[in-house]
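Asks: Structure of the sequence below:
(chains A, B, C and D)
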There are 2 protein chains.
Amino acid sequence: MATESHITDELVNEFSKTIELFDLSPSDSRLFTILFLNHQPMTLDEMSQTTGKSKTSVNTGIRTLSDLNLVKQVWKKGVRKDLYTTNDDLFQRFMHYYLDKWISHTTMQKRRLHAIESEIETRPQGDIIEDKVKKMIDFHQLLETSFSRLKETCEHMEER
Amino acid sequence: MATESHITDELVNEFSKTIELFDLSPSDSRLFTILFLNHQPMTLDEMSQTTGKSKTSVNTGIRTLSDLNLVKQVWKKGVRKDLYTTNDDLFQRFMHYYLDKWISHTTMQKRRLHAIESEIETRPQGDIIEDKVKKMIDFHQLLETSFSRLKETCEHMEER
DNA sequence: TTATACGTACAGTTTAAACTGTACAAACAA
DNA sequence: TTGTTTGTACAGTTTAAACTGTACGTATAA
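Replies: Got it, this is the predicted structure:
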């Protein structure tokens, strides 16, 4: 038992570090990983037990993960408690959520910058500022196309 | 004056939101943006004044940004105070810093997972765990190649 | 040399986020 | 119906991060 929990702990520690890169809090990342490693879907009480956090805390964590489509609720006849498990297609799910976040953000900000740009036209602010705004818009454009391309690439990638 | 500062404020607000996507704190993002929008390099006191933060705070912020190669120190004869300005090639700089972070992280974590995998071979943990570890490694592999490809793509992109 | 100006280390404070426990509402069992 | 069980809202607490002010070391100018 000591051995098994040691290995599992290691896996949780390492994997959740990667999950954090997707802008999830350490707690939420850890919760996701525990759920992913577990053999069956888990109840709130089980997750509370395993993570060492309160049930309330786990509850809000699960809600966050559900909202991002990384976790789903499942039903099992005879079980009264809510059961949760991780969604399949780890890579596709995470990439989808993450890239959409980037793309929608950059698109929106680019639009806002254009709005400011036209506001500037009515009351000029000087060449330097105008040049900076252009640079900012270019920056957003490059980000948008980069991440859009990556999204396309990812959708064609295999996951076993 | 009211007009000018209004527009500048807007620009700072909007642009720093994008900078935050690169895992920089709101304060650091704001500091970067202010520095980027300013016509000349700025001193610590000026930045302190403009951001409304203490000099110490600005100092640590600048250090963070310098460490990430997003900001550089410049010298101007006759000026005793330290002067800082943003680096050129906004897009390339940010992307380089960000993608390197992802790539080095995934590479390292993949290696660690492989280590755990071989540890498991000596003391088997059951098929389910072994399968999960494989899935984790695949996940990291896919991340690594995705971001490596993006890096290549970005290096060939133009920035005006 | 002394005096002044500047950057930064450090301790303490403020602020925001994460977390907990209680209390309640909805669903189910008897 | 009444009694349990479960999920969640909310207020209060803990914890961590961000920030400030002072105090000191180094550099420049006189």
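
Asks: care to break chain A down by domain?
Replies: Using automatic domain parsing, the domain parsing of chain A gives A:2-86, A:90-155.

Asks: and of these, who's closest to DNA strand D?
Replies: When the domains of chain A are compared by C-beta to the nearest atom of the strand, domain A:2-86 sits nearest DNA strand D, at 3.3 Å. C-beta: built from backbone N, CA, C; applies to glycine.

Asks: quick check, distance from the closest one to the centre of its chain.
Replies: Offset of domain A:2-86 from its chain centre (C-alpha atoms, centre = their mean, to the nearest Å): 14 Å.

Asks: can you check stretch A:67-87 too?
Replies: 19 Å.

Asks: Would that stretch count as contacting DNA strand D?
Replies: Yes: Stretch A:67-87 lies within reach of DNA strand D by C-beta under 7 Å from any atom of the strand, at A:Arg80, A:Lys81, A:Asp82.

Asks: How about the one helix or strand A:Tyr84 maps to and chain B, any contact?
Replies: A:Tyr84 belongs to strand A:83-86 when assigned by DSSP states H and E. No: against chain B, strand A:83-86 shows no contacts by C-beta under 8 Å from any C-beta of the partner chain, the least distance being 10.3 Å.

Asks: which outside residues touch that strand?
Replies: A:32, A:35-36, A:38, A:40-44, A:47, A:62, A:66, A:70-76 (C-beta atoms under 8 Å, 6 or more residues apart in numbering or on different chains).

Asks: just to revisit the earlier point, switch the residues of stretch A:67-87 next to DNA strand D over to TSV; also include neighbour count.
Replies: Shown next, in TSV, are these (neighbours: other C-beta atoms under 10 Å in any protein chain shown):
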residue	neighbour count
A:Arg80	7
A:Lys81	12
A:Asp82	15
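
Asks: Same list (the residues you listed) but as JSON lines, adding pLDDT.
Replies: Converted to JSON lines, the residues of stretch A:67-87 next to DNA strand D look like this (pLDDT from 0 to 100):
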{"residue": "A:Arg80", "pLDDT": "92"}
{"residue": "A:Lys81", "pLDDT": "96"}
{"residue": "A:Asp82", "pLDDT": "97"}
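
Asks: Would you mind giving the residues you listed as TSV with distance to DNA strand C added?
Replies: Converted to TSV, those look like this (distance: C-beta to the nearest atom of the strand, whole Å):
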residue	distance to DNA strand C
A:Arg80	6
A:Lys81	10
A:Asp82	11
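
Asks: Is A:Lys72 part of a helix or strand, or is it coil?
Replies: strand (DSSP: H, G, I helix; E, B strand; the rest coil).

Asks: A:Phe22 too?
Replies: Recorded secondary structure, A:Phe22: coil (three-state DSSP).

Asks: For it, give me the pLDDT.
Replies: In this model, A:Phe22 is scored at 98, pLDDT.

Asks: Please report how far it lies from DNA strand C.
Replies: Distance of A:Phe22 to DNA strand C, computed by C-beta to the nearest atom of the strand, to the nearest Å: 14 Å.

Asks: Looks like that residue contacts A:Met95 (just checking).
Replies: No: using C-beta atoms under 8 Å, A:Phe22 is not in contact with A:Met95, being 9.0 Å away.

Asks: residue ranges for the helices of chain A, please.
Replies: Assigned helices in chain A, in chain order: A:2-20, A:26-37, A:44-51, A:55-67, A:90-122, A:127-155 (criterion: DSSP state H).

Asks: in stretch A:19-33, what's buried?
Replies: The neighbour-count check on stretch A:19-33 (16 or more other C-beta atoms under 10 Å in any protein chain shown) flags A:Ile19, A:Glu20, A:Leu21, A:Phe22, A:Leu24, A:Ser27, A:Asp28, A:Ser29, A:Arg30, A:Leu31, A:Phe32, A:Thr33 as buried.

Asks: Quick test: name the residue nearest the centre of chain A.
Replies: Note on chain A: the residue nearest the mean C-alpha position is A:Phe22, at 4.7 Å, using C-alpha atoms, centre = their mean.
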